[in-house]
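1. sequence below, structure please.
(one chain, ligands or ions: 1)
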Amino acid sequence: MKRRKVVVAAGFCLSFFLGTLLNLLSVPAFEHQQQQLGKQQQLDSSLEPPAAVTSAPALLHSLRQQIRSRLREALRYGPFPERGTRPLERRRLMDLQRARDEEREHGGASAGQLGCSSVEAARDVRFVGSGYTKAVYRAALNGSFAVALKSVDFGGHDMEECVRRYGSAADCYRLASVKLVKEMALMERLRHPNILKLYGYCYQDSNDIKDTVTAITELGSPLEMIQLLQTPWEERFRICLSLVRLLHYLAHSPLGSLTLLDFRPRQFVLVDGELKVTDLDDASVEETPCSTSADCLLEFPARNFTLQCSSGRCQGINEKRNLYNAYRFFFTYLLPHSAPQALRPLLEKIVNSTGELLWGTEETLAHLEKALDIYRNGQYLINETQTHKTEYKRVLDASIAGDNYRCWPSYQHDGCMLAVYDVREAMGVCESHAQCRAFVLTNQSTWTGHQLVLFKTGSVGLSSAKGKLTYVRLGS
Ligand SMILES: Nc1ncnc2c1ncn2[C@@H]1O[C@H](COP(=O)(O)OP(=O)(O)OP(=O)(O)O)[C@@H](O)[C@H]1O
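-> As a prediction, this is how the structure comes out:
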């Protein structure tokens, strides 16, 4: 696989609304830069050999110590025994675990079955993204099954910086690859719909380095916050709900309460509208040790919190760190904006309570599930006593070709397609749009079961279409 330069697409269509939101976003964008810088400094200093170490053998010794220490940490998360595991043994140990999983899953899933032959047979390999350490490519297996291939980026920051300091590409590769091994170990251990699935992995020799590792995982699409701001509320709500379901699981994971130390939108991808975490190399179960609550400071760029110290640990620090990050990177932008009127107080309560760290994941999840319930059952419409002034002619098995107009936030790029609970809601929408003269109930629905409706400027193109239902406004 050849490394390609990341091309940053700058072709965003910025509406007035987006302009406003971009201004809002500039704060986290700045924080993001600071965080990136922080991460770079953190990585750089973690690679720093002790000042006294200057000779080539001593440098190599120090680098190998780092590899061992990272490996010990990675092994703690995996299904491997902690002691006596030499790096090259872990492949076989992972194979054993894989075989066990296959047995458990009765061979039903394709996960865990893919290996080097799949990587060799991969077609249509295309670069999707990269970070400090890893590069990710999408590839088609067996002609159609799309997967992500994740490996250490030989031209990435981590490798380049390490080789510059220590001069050994093979050792630097091993240091970086432990991050991928840790990620694979966590994907194996943590099973949740909002954690990307590990389908398998491959160890092979390449670029003069023995035993390079490639993880084969579920494929997603990188999160684009700007695009998300243009999507319908239901989709944005789904992202927040998936995130809280994930954080609730991480707070009660089989490994203990797990925190994502590097928590940014780019650590997540979307798979069929569901948010899934992909970057797990900075996940940790360490809960800060403490003697008093003064040791339990949770620091963020715009806000600090002091947590309680109990039994020598800062209580709930991992869960709270995740939740506050979810608040500042996701909830504030995605949750309340353009939500159904009746849901806004509840959504604002969720945003405010997480922003103040008043709730844990349990309570946050319960409130989000409640919002989902209200939305799914159309209870958000109950207080809408508005009677429809207009009369409509109901035309069975009919649709309207053309006569489209654009609206925001539409499910269709060149028409006005919105999700509604029932016909009554569709009538209300039509009456609130000056251009609307008719609407067509499609047979498509959203993840919540809401029906997609196409709103039209007229009914000139009315024609028969089995299974569709059209309403045409009567009178002017
Ligand atoms: N399974 C996937 N499907 C699609 N894109 C992915 C997938 N996994 C990762 N990506 C994209 O590739 C980028 C790099 O992956 P990843 O975050 O694992 O690398 P990294 O080197 O650890 O990055 P960072 O330095 O930002 O932590 C991600 O930001 C994401 O956009």
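2. tell me the residue of the stretch 1-150 of the chain that sits nearest the ligand?
-> Proximity of the stretch 1-150 of the chain to the ligand (Cβ to the nearest ligand atom) peaks at G131, 1.7 Å away. C-beta coordinates here come from the backbone N, C-alpha and C atoms, glycine included.
3. now that residue: how far from E425?
-> G131 sits 43 Å away from E425, going by Cβ to Cβ, to the nearest Å.
4. my read: the residue of the stretch 1-150 of the chain closest to the ligand touches R266, true?
-> Yes. At 7.2 Å, G131 and R266 qualify as touching, with contact defined as Cβ atoms under 8 Å.
5. neighbour count: the two, which is higher?
-> The neighbour comparison of G131 against R266 (other Cβ atoms under 10 Å) goes to G131, with 20 against 16.
6. residues touching the more buried one, list them.
-> Neighbouring residues of G131 by Cβ atoms under 8 Å, 6 or more residues apart in numbering: 153, 156, 266, 279.
7. keep only those residues that also lie close to the ligand.
-> 266, 279 (Cβ under 6 Å from any ligand atom).
8. for the contacts of G131, pick the one with the most neighbours.
-> Using other Cβ under 10 Å as the neighbour criterion, D279 leads the contacts of G131 with 22 neighbours.
9. low-confidence stretches in the stretch 51-200 of the chain?
-> Along the stretch 51-200 of the chain, segments meeting pLDDT under 70 span 51-54, 79-112.
10. try it again at 90.
-> Applying pLDDT under 90 to the stretch 51-200 of the chain flags residues 51-62, 66-114, 117-118, 121, 142-144, 188.
11. what ranges in the stretch 201-350 of the chain fall below the confidence cut-off?
-> 204-211, 224-230, 286-287, 302, 337-338.
12. let's see that with 80 instead.
-> 206-208 (pLDDT under 80).
13. residues in it within reach of the ligand, list them.
-> The stretch 201-350 of the chain has residues 217-220, 222, 262, 266-267, 269, 278-279, 281 near the ligand, with proximity defined as Cβ under 6 Å from any ligand atom.
14. do that again at 5 Å, thanks
-> Neighbours of the ligand within the stretch 201-350 of the chain, by Cβ under 5 Å from any ligand atom: 217, 219-220, 222, 266, 269, 278-279.
15. turn these into a markdown table, columns for distance to L307 and secondary structure.
-> As requested, these are exported to a markdown table (distance: Cβ to Cβ, whole Å; DSSP: H, G, I helix; E, B strand; the rest coil):
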| residue | distance to L307 | secondary structure |
| --- | --- | --- |
| T217 | 34 | strand |
| L219 | 38 | coil |
| G220 | 33 | coil |
| P222 | 33 | strand |
| R266 | 27 | helix |
| V269 | 31 | strand |
| T278 | 28 | coil |
| D279 | 25 | coil |
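16. any idea what the most centrally placed residue in the chain is bridged to?
-> Note on the chain: the residue nearest the mean C-alpha position is F268, at 2.5 Å, using Cα atoms, centre = their mean. Note on F268: beta-bridge partners V277, judged by DSSP bridges.
17. list just the nearest of the contacts of G131 to S310.
-> Checking the contacts of G131 against S310 with Cβ to Cβ, the nearest one is D279 at 30.8 Å.
18. in the protein, where's the longest strand?
-> Counting by DSSP state E, the longest strand found in the chain is strand 462-473.
19. tell me who's in contact with L372.
-> Applying Cβ under 8 Å, 6+ apart to L372 gives the contacts 237, 241, 448.
20. next SSE downstream of the strand or helix carrying it?
-> Assignment of secondary structure by DSSP states H and E places L372 within helix 361-376. Using DSSP H and E, the helix or strand that follows helix 361-376 in sequence is strand 392-400.
21. after that next one, which helix or strand is next? Please name it.
-> Later in the chain than strand 392-400, the nearest helix or strand by DSSP H and E is strand 416-420.
22. that following strand pairs with which strands?
-> The sheet places strand 416-420 alongside strand 451-456 (antiparallel), with pairing taken from DSSP bridges.
23. where do the helices sit along the stretch 101-250 of the chain?
-> Using DSSP state H, counting those that start in this stretch, the helices of the stretch 101-250 of the chain run over residues 116-121, 157-166, 169-189, 225-228, 233-251.
24. need the ones you listed in JSON lines (columns: mean neighbour count and distance to L149).
-> Listed next are these as JSON lines, based on neighbours: other Cβ atoms under 10 Å; distance: least, Cβ to Cβ, whole Å:
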{"stretch": "helix 116-121", "mean neighbour count": "15", "distance to L149": "7"}
{"stretch": "helix 157-166", "mean neighbour count": "18", "distance to L149": "17"}
{"stretch": "helix 169-189", "mean neighbour count": "22", "distance to L149": "11"}
{"stretch": "helix 225-228", "mean neighbour count": "15", "distance to L149": "24"}
{"stretch": "helix 233-251", "mean neighbour count": "22", "distance to L149": "23"}
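25. and the closest residue to L60 other than its chain neighbours, how many neighbours?
-> Leaving aside its sequence neighbours, L60 sits nearest to S168 (Cβ to Cβ, 6 or more residues apart in numbering; 6.1 Å). Neighbours of S168 under the rule other Cβ under 10 Å: 17.
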